[in-house]
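A.B. asks: Dropping the sequence and predicted coords here.
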Amino acid sequence: MCVKLTILGSGSGGNATYLECGKTRILIDAGLSGRQIRERLLKINRSPETLTGIIISHEHTDHIDGLAVIAAKLGIPVYTNRLTREGILEKFDKKFCFKIFQNGESFEIGDIEVEVFSVPHDAVDPTGFTFITNSGKIGFATDIGCVTALTAERFRSAQVLVVEANHDVEMLQNDPCRPWSLKQRIMGKHGHLSNESAAELIERTITENLQHITLAHLSQDCNRPELALKVINKRLQTIGATQITVSAASQDRPAPTIRLENGKVI
Ligand SMILES: [Zn+2]
Ligand SMILES: [Zn+2]
């Protein structure tokens, strides 16, 4: 069975990722507008109507903005934890079909086993994921303030990782537009992961299974894809893991689909 992963868009302007395994079709976060989610799914010949479920990592607008249009209107189940559900309901006065999980447990959506774990971020109960299928394992965490032993441990033995590489520390420090308080929030333990910290997470996680890394949630002002890729590739070179491919997700368009079959990225 072939697993397909497409990041439809990622960054502070909105996050949504499509994951398919057999007949199971899920959306990880719905932070682009409903229209954008539809348009970008159409680009890969899919539509919101056929989604099995939507998993929400946390209640920040850039992760739930399109949720009312997609989930409430179409009656698609929304998988999230209890506190995040409250956060969603504070933002949208709509009827959702919630499926509640607890961080630390795992559950199944069709052919995909989902492990959920807590990550440090300034939301009510933020979550990282691993998706386990017959074809392999994908680790997925954006919006993490710092590298934790739990995230590194959960990511271990994955074939594919989607990891936040939000900012270059120097670019963020020198950014003329952001007030110091916001910079402190972003750089803090419950903010966002820098390129260097993403490299640290990858180094702590790496096993011979790992074949592809997608960097996500890149800041438009305080990072550049080529810079983030350089930092990660340099670290992979240092640890002698240059066979691993690395790409950076875009805010504006779907990234190329990653295919995983029999434990191999194809
Ligand atoms: Zn975010
Ligand atoms: Zn967030």
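C.D. replies: Good, I have the coordinates. Ligands and ions are numbered 1, 2, ... in the order given.

A.B. asks: Output the helix or strand where Glu39 lies as CSV, restricted to C-alpha atoms.
C.D. replies: Secondary structure assignment for Glu39, by DSSP states H and E: helix 34-43. Presented in CSV, the C-alpha positions along helix 34-43 are these (Å, rounded to 0.1, in the frame of the first residue of the first chain):
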residue,chain,number,x,y,z
GLY,A,34,-11.6,26.7,3.2
ARG,A,35,-11.3,27.9,-0.4
GLN,A,36,-7.5,27.4,-0.4
ILE,A,37,-7.8,23.9,1.1
ARG,A,38,-10.3,23.0,-1.6
GLU,A,39,-8.2,24.5,-4.4
ARG,A,40,-5.0,22.9,-3.3
LEU,A,41,-6.6,19.5,-2.8
LEU,A,42,-8.0,19.8,-6.3
LYS,A,43,-4.5,20.3,-7.6
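
A.B. asks: list the helices and strands that helix packs on?
C.D. replies: The contact analysis (3 or more CB pairs under 8 Å, 6 or more residues apart in numbering; DSSP states H and E) places helix 34-43 against strand 3-9, strand 16-21. No exception for glycine: its C-beta is placed from N, CA and C like everyone else's.

A.B. asks: Let me know which of these is tucked in deepest.
C.D. replies: strand 16-21 (a mean of 26; mean count of other CB atoms under 10 Å).

A.B. asks: what ranges do the strands span in the stretch 1-150 of the chain?
C.D. replies: 3-9, 16-21, 24-30, 53-55, 78-80, 98-100, 106-109, 112-118, 127-133, 136-141 (DSSP state E, counting those that start in this stretch).

A.B. asks: just to revisit the earlier point, quick check: angle from the helix holding Glu39 to strand 24-30?
C.D. replies: 140 degrees (axes from the mean of the first three to the mean of the last three CA atoms, to 10 degrees).

A.B. asks: Okay, angle between helix 34-43 and strand 3-9 too, please.
C.D. replies: 140 degrees.

A.B. asks: Present the helices and strands packed on helix 34-43 as TSV; the columns should include mean pLDDT and distance to ligand 1.
C.D. replies: Listed next are the helices and strands packed on helix 34-43 as TSV, based on pLDDT from 0 to 100; distance: least, CB to the ion, whole Å:
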stretch	mean pLDDT	distance to ligand 1
strand 3-9	98	11
strand 16-21	98	11
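
A.B. asks: Need these in TSV (columns: distance to Val163).
C.D. replies: Shown next, in TSV, are the helices and strands packed on helix 34-43 (distance: least, CB to CB, whole Å):
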stretch	distance to Val163
strand 3-9	12
strand 16-21	13
